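**Student:** what follows is a predicted structure for the sequence shown.
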Number of protein chains: 2
Amino acid sequence: MRKILIIGAGKSSSYLIQYLISKTISEKLEITIGDLHPENVLQLVKGYEDKVNCIHLDIFNDDSRGQAIKDADIVISMLPARFHITVAKDCLKFEKHMVTASYVGKEMQELHEDARSKNLVFMNEIGVDPGIDHMSAMQVIDRIKGAGGKMLLFESFTGGLVAPESDDNLWHYKFTWNPRNVVLAGQGGAAKFVQENQFKYIPYHRLFRRTEFLDIEGYGRFEAYANRDSLKYQHAYGLDNVKTLYRGTMRRVGFSKAWHVFVQLGMTDDSYTIEDSANMTYRDFVNSFLPYSPTDSVELKFRHSLKIDQDDIVWDKFLELDLFSSEKRVELQKATPAQILQKILMDSWTLDPTDKDMIVMYHKFGYELDGQKHQIDATMVVEGEDQTYTAMAKTVGLPVAMATIAILNGSINTPGVQIPISKEIYTPILHELESYGIAFKEKEVTYLGYNPLNL
Amino acid sequence: MRKILIIGAGKSSSYLIQYLISKTISEKLEITIGDLHPENVLQLVKGYEDKVNCIHLDIFNDDSRGQAIKDADIVISMLPARFHITVAKDCLKFEKHMVTASYVGKEMQELHEDARSKNLVFMNEIGVDPGIDHMSAMQVIDRIKGAGGKMLLFESFTGGLVAPESDDNLWHYKFTWNPRNVVLAGQGGAAKFVQENQFKYIPYHRLFRRTEFLDIEGYGRFEAYANRDSLKYQHAYGLDNVKTLYRGTMRRVGFSKAWHVFVQLGMTDDSYTIEDSANMTYRDFVNSFLPYSPTDSVELKFRHSLKIDQDDIVWDKFLELDLFSSEKRVELQKATPAQILQKILMDSWTLDPTDKDMIVMYHKFGYELDGQKHQIDATMVVEGEDQTYTAMAKTVGLPVAMATIAILNGSINTPGVQIPISKEIYTPILHELESYGIAFKEKEVTYLGYNPLNL
């Protein structure tokens, strides 16, 4: 029997656990789930209680954490990213493999040599974004290069959205993931990317006004705004000489233009607290970003300040949020603007019990082959089944689970701190994901780049 | 003889030195000027070389710094603000008084008890802003309160500008002070102030679109944008219950609207470096903040992106700066946007040898007396004589010099880390400043506040 320890069984572990349970016999797995609240895990393992050992695990308790890790062959950390390093250090100590769906931080990267020398695989960034984006992109890039093509352009976009059947508000958006991350998205410095060999920079306060459109057959039009650092994987992907490199986040069309208003007003700022926030109404909150007037309404000041016409659909989006309510109170002590905005949005954007989510991904690959320019567009759409078996949980959990078994089986065996960009990792996983409905549709399109006439 | 040590004889020390020289006999002064480049100081003491001892002083050399401070009775630090603390620690060690024109930082404030216990006066913020603003505001506030008035409103604005006779560009602005501080002005968090008991917040990227107008007789109209923390001196000024408190920076009308374009584009960002900045033309720099196009001109993309009509005077301001030059190169290695913008502006906004500067200050005092509301507006304008004897050097240096002598004479004697807000400090200094042409004009105006009809 091979022993798998899953630490932290939150929102995105439903499919992970289900998949591993389904493999207990064929793969000879013994599954332990360690969580601060093991009682919450029981729902996820219903009907399979005999196949899973749920234990109480407080990762701040060195003894119980160490013991659990020591007892395992491989550890999956589904904890918030900042806690992975604690788990990783125990994995080094007790010589266990490890899998996470999170970005490789500086501290994790520093464990590379130690993990390598102990022949341990520390696989990270193997969820959806990061994860499926890496694997699906590298599969096409390697194929193009293998055929003798030269990469010219790579653009990649992902969005965690609400499924069309549950898309019933003017923003075409609900929180399907951490709301705080959505409110703070794009902050921390200018976005940087390359278009036709020109470096481009967008400050945060303009980010949501520089979108581009993307169409997915059967799903209509989306828009995307730039991620902060599009160049992060340029070298890892082998795209050092590419002319265009752009990564972004997808929303339904119109979201960004309205979100830009929050950014303009300063409502997404998380760096200071608002005076007397607890007793404010939503209306007071809005008014605190507008000039004082003894007579003019908050609504008119808002529209004037942001130059929003009365018949602009953007205006209806704010009304829908009840942003000008003089009844609803913030009720948060010493809250930042971002925390207050999050609360206001959660009133409207929290999923109903029957709502379903959706993950969309869009890659563009421009390349030259035999003197001709070509482009492949690859798209993926995954819809959730319900609020436990979400598209997010599916696309994060399944690659994590598959990589875990591949490591146990030795088919993923390059030691050290890894991300899934090599053929031996992505080929079997992408292939298996297809049988779970996680698949890309590719189509050849005319290569336009950003300079179609070669001017 | 009383020994004064001036450390750092830069741009703003001309009047300071001249004033102290004029008092050597009457006040029995022995003046030593310590500078890293004493040869540069000679011009400032021309004709009075016998009255001043110029020495080489490297403040990073503990021995020579310590010896110079030990030999003095009082030390004036005209160094950049971050170096004051080094001097202050020596002043504590050797038990010497100290004077600076800079804001009291956290480290300086921490010396308060030590300085107090040794009966030393560490006078700070006694230049123009901070300095003359404190003194002139407190004089009126104390007078209003002394007469039984209750303060309702205090607004205070200062600007370092070019004198009308040298005002020959479309921005009505030249660098009369540290250009870097001008480029970075307003950054570091949202501006906060109070209007009619309502707290108001303006994010940096909107700061230059929320100006108010100020008229000064004989000098026409100015505009002001909010300082970051208008509430900083609320308690120190005794204005805890005031309804409106607002501090700002003055420019000529139209400056802020055009500056807002730089902010929007992201050109004032100092947090990252631009790729290959050294080889860029000014045009390339501008283009890096605009979408890629193989055909559209940088000019049209700029105008479209910022919604600037061709016949808008704002547009001419950018042309005047030669912002779209494909000849001029940035020539700065690994430069931030802010550093590059500073260089471009310095091409146009550096004072000519014959140019004169100007300091303007505007206070509004709203108060209630015997059931009636009143307002006093107080304005000050000081013009420079030439590029050595600037208005900036005059308004910074004279209060510093006067405070130094007052400390030596014991008329300023409250020990500890101080700022000039008490009567015994501001009364004689403001009185003496008048004889140097640094004076406020007061006028009674109708109190409007922000709520004239009491709605």
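**Tutor:** Happy to help now that I have it. This is a predicted model, so every value here is computed, not measured.
**Student:** right, and the helix or strand after the worst-scoring helix or strand of chain A on mean pLDDT?
**Tutor:** The helix or strand of chain A with the poorest confidence is helix A:38-41; it has a mean of 87 (mean pLDDT, DSSP states H and E). As assigned by DSSP states H and E, the chain's next helix or strand after helix A:38-41 is strand A:52-56.
**Student:** can you name the residues in contact with that next one?
**Tutor:** Outside of strand A:52-56, the residues within contact range by C-beta atoms under 8 Å, 6 or more residues apart in numbering or on different chains are A:17, A:21, A:30-36, A:38, A:41-42, A:45, A:64, A:68. C-beta coordinates here come from the backbone N, C-alpha and C atoms, glycine included.
**Student:** now restrict the residues you listed to buried residues only.
**Tutor:** A:17, A:21, A:30, A:31, A:32, A:33, A:34, A:35, A:41, A:45, A:68 (16 or more other C-beta atoms under 10 Å in any protein chain shown).
**Student:** relative to strand A:52-56, how tilted is the helix or strand where the first one lies?
**Tutor:** Applying DSSP H and E as the criterion places residue A:17 in helix A:14-22. Between helix A:14-22 and strand A:52-56, the angle comes out at 130 degrees (axes from the mean of the first three to the mean of the last three C-alpha atoms, to 10 degrees).
**Student:** what residues does helix A:14-22 touch?
**Tutor:** A:4, A:6, A:9, A:29, A:31, A:33, A:41, A:44-45, A:48, A:51-52, A:76, A:78, A:388-390, A:393-394, A:396-398, A:400-402, A:404-405.
**Student:** and the very next helix or strand once past it, what does it pack onto?
**Tutor:** Where DSSP H and E defines the elements, the next helix or strand beyond helix A:14-22 is strand A:29-35. Packed against strand A:29-35, as judged by 3 or more C-beta pairs under 8 Å, 6 or more residues apart in numbering or on different chains; DSSP states H and E, are the following elements: strand A:2-7, helix A:14-22, strand A:52-56, helix A:62-71.
**Student:** what number of residues lie near whatever residue of the stretch 101-250 of chain A ends up closest to chain B?
**Tutor:** Relative to chain B, the nearest point of the stretch 101-250 of chain A is residue A:203 (3.3 Å; C-beta to the nearest C-beta). By the criterion of other C-beta atoms under 10 Å in any protein chain shown, residue A:203 has 23 neighbours.
**Student:** and it, what does it touch?
**Tutor:** A:190, B:205, B:264, B:265, B:266, B:269, B:289.
**Student:** which pair in those residues spans the largest distance?
**Tutor:** Spanning the widest gap among these are B:205 and B:289, at 13.4 Å by C-beta to C-beta.
**Student:** what about these two, which has more around it?
**Tutor:** residue B:289 (25 against 22).
**Student:** what about the residue lying closest to residue A:285 once chain neighbours are set aside, which SS state?
**Tutor:** Nearest residue to residue A:285, sequence neighbours excluded (C-beta to C-beta, 6 or more residues apart in numbering or on different chains): residue A:340, at 5.4 Å. Each residue gets one of three states, and residue A:340 gets helix by DSSP: H, G, I helix; E, B strand; the rest coil.
**Student:** gap between residue A:340 and chain B?
**Tutor:** As judged by C-beta to the nearest C-beta, to the nearest Å, residue A:340 and chain B stand 12 Å apart.
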